[in-house]
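Participant: Here is the input, now give the coordinates:
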Amino acid sequence: MMDFKEARKALLLAILVAVSTRTAAAQGSSPAAGKANGGLDWYEAFEGSADSSGQVMMLTSSATYHFGEHFSLGAGIPAYFTRSTSTAGTTTNDGMGDFFVALGASWKRPTLNYATSLTGSVPTGDSAKGFSTGHFTFDWNNRVDHDFGILTPFIDAGVGNTISDTLFFHRPFTSFGYLAHLEGGTDVDLSHSFSLTLSAYDIAPWGTQTIFSRAVAKGATGSGGQHGRVFETNHQTTGGASINQDDGLSAGLSFNPRPYLDFDLGYTRSMKFAFNTFSWGVGVNLSKLISSRNSIK
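Facilitator: Here you go, the predicted model:
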């Protein structure tokens with residue numbers, strides 16, 4: 001298991017590799033999409049979620065190189081900061097999560113836009129704190145959408161061996177076990193740099209599943225546990241697919257006042273767990289910020 005300094009060195013190495021292969025090019029934007037002239041994105045995001053079991057916050061540093069307008073390769077690592085309450089009292093934890101690498105591709109067509117991404121992670125985080133599963137994990141996600149004026153209906157679908165957090169839902173646990181995930185909804189352009197996202201999701205696991213709680217420390221016992229919320233009572237739980245199955249609704253508001261600056265607020269209702277989560281996030285594309293400052297001079 002890597003400590004904080006070793007994980008940071010791994011991230012810096014990934015950034016240096018990307019920089020060394022970079023040609024003189026314009027800056028890119030999305031990790032799943034490319035840019036016509038290619039380029040490197042350096043992105044810093046500070047995000048968090050609050051629910052009845054506590055708070056999960058994370059600072060994620062990532063770098064993504066765009067190979068033209070279709071393909072991209074990125075790498076990054078999150079640092080976690082959590083606070084929870086159990087029968088042992090209030091617990092705070094912090095530490096590095098799993099180092100990840102992501103391959104992305106996207107195509108825009110008059111009928112449908114399509115994007116796909118394959119993300120793999122290395123167990124550099126501490127599973128005793130719920131920051132890692134202790135295993136190599138992967139997630140393959142696919143998205144199709146189409147613009148109808150201010151509405152952009154979309155469908156996201158994929159498979160993996162862990163539940164991945166989303167923009168508006170940072171779970172109080174991580175998991176290990178095969179599953180399929182599906183999300184459908186629409187983005188709504190509210191103008192003035194605001195957009196609204198409304199969606200429904202479903203997590204469909206199969207086989208043996210293991211849940212690692214970020215809310216209950218190893219060796220401690222938490223409170224709650226209604227509606228199958230094993231992550232509130234135990235640090236680690238292994239069982240059938242039912243312990244990890246989930247479905248629910250999400251709503252999120254995004255504000256992008258500058259090309260390099262993102263703000264997000266979200267709410268997710270898990271129907272299976274009868275669980276409410278409020279999320280927020282701030283992101284800065286440092287590559288675009290530096291580029292905009294240089295263009296002013």
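Participant: can you give me the helices in this protein?
Facilitator: Under the criterion DSSP state H, the chain contains helices at 4-20, 286-296.
Participant: weakest of the ones you listed by average pLDDT?
Facilitator: For the helices of the chain, mean pLDDT drops lowest on helix 4-20, to a mean of 41.
Participant: pLDDT value on residue 86, please?
Facilitator: 61.
Participant: ugh, typo on my part, it should be residue 214
Facilitator: 89.
Participant: Residue 152 versus the residue nearest to it when sequence neighbours are not counted, what's the distance?
Facilitator: If the residues on either side of it in the chain are set aside, residue 214 comes closest to residue 130, at 3.5 Å by C-beta to C-beta, 6 or more residues apart in numbering. Glycine gets a C-beta too; all of them are placed from N, C-alpha and C. Separation of residue 130 from residue 152 (C-beta to C-beta, to the nearest Å): 34 Å.
Participant: and if you look at residue 248?
Facilitator: Taking C-beta to C-beta, one finds residue 248 at 21 Å from residue 152.
Participant: who has more neighbours, the two?
Facilitator: residue 248 (21 against 17; other C-beta atoms under 10 Å).
Participant: Surely the more buried one touches residue 271?
Facilitator: Yes. When contacts are counted by C-beta atoms under 8 Å, residue 248 is listed as touching residue 271 (4.8 Å).
Participant: list the residues that contact both of those two?
Facilitator: Common contacts of residue 248 and residue 271 (C-beta atoms under 8 Å, 6 or more residues apart in numbering): none found.
Participant: I'd like to know how many residues surround residue 92.
Facilitator: 11.
Participant: for it, what are its contacts?
Facilitator: Neighbours of residue 92 in contact, by C-beta under 8 Å, 6+ apart: 81-83.
Participant: which of those has the most neighbours?
Facilitator: Of the contacts of residue 92, with other C-beta under 10 Å as the count, residue 82 tops at 24 neighbours.
Participant: what pairs with that residue across the strands?
Facilitator: Residue 82 has these beta-bridge partners by DSSP bridges: residue 56, residue 93.
Participant: how close does it get to residue 95?
Facilitator: With C-beta to C-beta as the criterion, residue 82 and residue 95 are 9 Å apart.
Participant: shared neighbours, these two?
Facilitator: Contacts common to residue 82 and residue 95, judged by C-beta under 8 Å, 6+ apart, are residue 129.
Participant: burial of the nearest residue to residue 209 once chain neighbours are set aside, as a residue count?
Facilitator: Ranked by C-beta to C-beta, 6+ apart and with sequence neighbours excluded, the top spatial neighbour of residue 209 is residue 177, at 3.6 Å. Residues near residue 177, counting by other C-beta under 10 Å, number 23.
Participant: same deal with residue 219?
Facilitator: Around residue 219 there are 8 residues (other C-beta under 10 Å).
Participant: Model confidence score at it, please.
Facilitator: At residue 219, pLDDT is 79.
Participant: Name all residues that make contact with the nearest residue to it once chain neighbours are set aside.
Facilitator: Nearest non-adjacent residue to residue 219, counting by C-beta to C-beta, 6+ apart: residue 235, 7.2 Å away. Residues in contact with residue 235 (C-beta under 8 Å, 6+ apart) are 128, 130, 212-213, 216-220.
Participant: With distance to residue 67 added, can I get the residues you listed in CSV?
Facilitator: What follows is these, written out as CSV (distance: C-beta to C-beta, whole Å):
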residue, distance to residue 67
128, 38
130, 35
212, 35
213, 39
216, 43
217, 43
218, 42
219, 47
220, 46
